[in-house]
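Peer 1: Have a look at this prediction, sequence included:
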Amino acid sequence: MKRRVVVTGLGAVTPIGNTTDEMWASVKTGRCGIDSITLFDASDMKVKIAAEVKNLDIDSRLDKRAAKRMDRFSQFAVIAAREAFVNAGLANDEIDAERFSVIISSGIGGLSTIEKEHFRAIEKGFDRISPFFIPMNIANLAAGHIAIDLGAKGMCSCVVTACAGGTNAIGDAFRHIRDGYAELVIAGGAEAAITPLGIGGFTSMRALCESNQPNRASIPFDAQRSGFVMGEGAGMLLLEEYEHARARGANILGEIVGYGTSCDAYHMTAPCPGGAGAAAAMKYAMEDSKTNPKEIGYINTHGTSTPLNDSIETAAIKSAFGDAAHTVAISSTKSMTGHMLGASGAVEAVITVMAIKNGFLPPTINYLVADPECDLDIIPNKGRACKIKYAMSNSLGFGGHNASLVFRDFD
């Protein structure tokens, strides 16, 4: 018999709040976290806005010396993981460290460190690069730093599946516990790619919205959508085997019951027409959770605000859900947070758990112009109170990666 897996801790660092509670308060009010770029001078670039993490006092959340040896994405990861750990009511001396694992995604890793050290090398010579250059930029070090910080000696891994990574990390952690390899896993994603190279690279491939109006830039499912808005941050879930959580009297926030993943095997960046791969991931997640489409009350969609993604994801939902596609509520919280790449699915999983727990469905904000190809219930502009039992979170990534999770209210 497979073991049950529950959520006992949540952590978040996002453009709309630097703790889970701050973020959730912003989600409920439909706050937009998009504004002018401040992390570098973007005055000569086409794209001048992004969804930055704001007012995060790193020095008060991390040891100064340790923080200096971490790229921004790793700083976000450790801060969010600590919150999830504390939120779960765990203490290190009560944990079997060898049964405590870490699975964290980052799509790009330490891009700001790469840029900074390359400039230094050009100016002073390549032998003058910081000795911390490699451990600061490699994508797996977010997971490594979390394991060191929390004393987790089980499997420590980094999922790199582009924008599906955070969801894959959580799904892999779910299976890791369910199949008996650990009792505790910190799972999620972290990203900090709001840099000249990051913004310039996505701009050159015409993936980013070039409108510099914050309230009309990340507009998922809107007919005037033209690209995504870069975001940054981290989301973490403390997943725990149910009997282990019960034995220590943990406050259980929700249960993860299904995971589905697939690959389009179609194109480097574009989703396959009709959304067959995304539909397959959703179907697999429902099969795994032993649910049917009519039982899913809400979907947190990938919803990037690109012309192709939103119409194809809509078609995929219709394929996977059949008649129920027109009754299930869906939304894209990227309308508030921007697109956090490898962290997006993790932050959206945190939001999905909070939606079930609090009986409130997040809105798709800044929606104005209907698109006949995106004709589902996208919860436009204002969230709604609604008690649901099951919810799904979707992520789709470059390379054709698709991943879906199903959570349920813990009863």
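Peer 2: Alright, I've got the coordinates.

Peer 1: Which strand or helix spans the closest residue in space to Ser332 that isn't next to it in sequence?
Peer 2: Leaving aside its sequence neighbours, Ser332 sits nearest to Gly303 (Cβ to Cβ, 6 or more residues apart in numbering; 2.5 Å). (Each C-beta comes from the backbone N, C-alpha and C, glycine too.) Using DSSP states H and E, Gly303 sits in no helix or strand.

Peer 1: Now do Gly303, the pLDDT please.
Peer 2: For Gly303, the model assigns a pLDDT of 97.

Peer 1: What separates the first and last residues of stretch 86-97, distance-wise?
Peer 2: End-to-end distance of stretch 86-97: 16 Å, with Cα to Cα, to the nearest Å as the criterion.

Peer 1: likewise stretch 228-242?
Peer 2: Using Cα to Cα, one end of stretch 228-242 lies 38 Å from the other.

Peer 1: what's the answer for stretch 10-22, then?
Peer 2: Taking Cα to Cα as the measure, stretch 10-22 stretches 12 Å from start to finish.

Peer 1: Can you mark which positions in it are buried?
Peer 2: By neighbour count on 16 or more other Cβ atoms under 10 Å, the buried set for stretch 10-22 is Leu10, Gly11, Ala12, Val13, Thr14, Pro15, Ile16, Gly17, Asn18, Thr19, Thr20.

Peer 1: got a list of what the second one touches?
Peer 2: Under the criterion of Cβ atoms under 8 Å, 6 or more residues apart in numbering, the contact partners of Gly11 comprise 19-20, 79-85, 87, 188, 234-238, 350.

Peer 1: Just give the strands next to the one helix or strand it maps to in its sheet, each with its orientation.
Peer 2: Secondary-structure element containing Gly11, defined by DSSP H and E: strand 5-13. According to DSSP bridges, strand 5-13 forms sheet pairs with strand 233-241 (antiparallel), strand 254-263 (antiparallel).

Peer 1: other SSEs contacting the helix or strand following it?
Peer 2: Downstream of strand 5-13, the next assigned helix or strand under DSSP H and E is helix 20-29. Here helix 20-29 touches strand 5-13, helix 344-358, going by 3 or more Cβ pairs under 8 Å, 6 or more residues apart in numbering; DSSP states H and E.

Peer 1: For the last one, the averaged confidence score.
Peer 2: Looking at helix 344-358 alone, the average pLDDT works out to 98.

Peer 1: Give me the helices and strands touching the helix or strand that that helix is followed by, please.
Peer 2: Counting by DSSP H and E, the next helix or strand C-terminal to helix 344-358 is strand 360-361. Applying 3+ Cβ pairs under 8 Å, 6+ apart, one finds that strand 360-361 contacts strand 384-385.

Peer 1: just how off-centre is the strand it packs on within its chain?
Peer 2: 22 Å (Cα atoms, centre = their mean, to the nearest Å).

Peer 1: what's the answer for stretch 261-273, then?
Peer 2: Between the centre of stretch 261-273 and the centre of its host chain there is 19 Å, according to Cα atoms, centre = their mean.

Peer 1: how long is that stretch from one end to the other?
Peer 2: 18 Å.

Peer 1: Flag every buried residue along it.
Peer 2: Thr261, Ser262, Cys263, Asp264, Pro271, Cys272.

Peer 1: Quick check: closest non-adjacent residue to the third one.
Peer 2: Right, the one you point to is Cys263. Cys263 sits nearest to Gly400 (Cβ to Cβ, 6+ apart), 4.8 Å away.

Peer 1: To what extent is that neighbour buried, counted in neighbours?
Peer 2: Gly400 sits with 22 neighbouring residues when counted by other Cβ atoms under 10 Å.

Peer 1: Run through the residues that contact it.
Peer 2: Cys263, Asp264, Ala265, Tyr266, His267, Pro271, Cys272, Gly277.

Peer 1: didn't Ile330 look like it was pressed against Tyr298?
Peer 2: Yes: taking contacts as Cβ atoms under 8 Å, Ile330 lies within contact range of Tyr298: 7.1 Å.

Peer 1: Next, format the buried residues of stretch 10-22 as JSON lines and append pLDDT and distance to Asp93.
Peer 2: Shown next, in JSON lines, are the buried residues of stretch 10-22 (pLDDT from 0 to 100; distance: Cβ to Cβ, whole Å):
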{"residue": "Leu10", "pLDDT": "98", "distance to Asp93": "23"}
{"residue": "Gly11", "pLDDT": "98", "distance to Asp93": "21"}
{"residue": "Ala12", "pLDDT": "98", "distance to Asp93": "26"}
{"residue": "Val13", "pLDDT": "98", "distance to Asp93": "27"}
{"residue": "Thr14", "pLDDT": "98", "distance to Asp93": "31"}
{"residue": "Pro15", "pLDDT": "98", "distance to Asp93": "36"}
{"residue": "Ile16", "pLDDT": "98", "distance to Asp93": "35"}
{"residue": "Gly17", "pLDDT": "98", "distance to Asp93": "31"}
{"residue": "Asn18", "pLDDT": "98", "distance to Asp93": "28"}
{"residue": "Thr19", "pLDDT": "98", "distance to Asp93": "25"}
{"residue": "Thr20", "pLDDT": "98", "distance to Asp93": "25"}
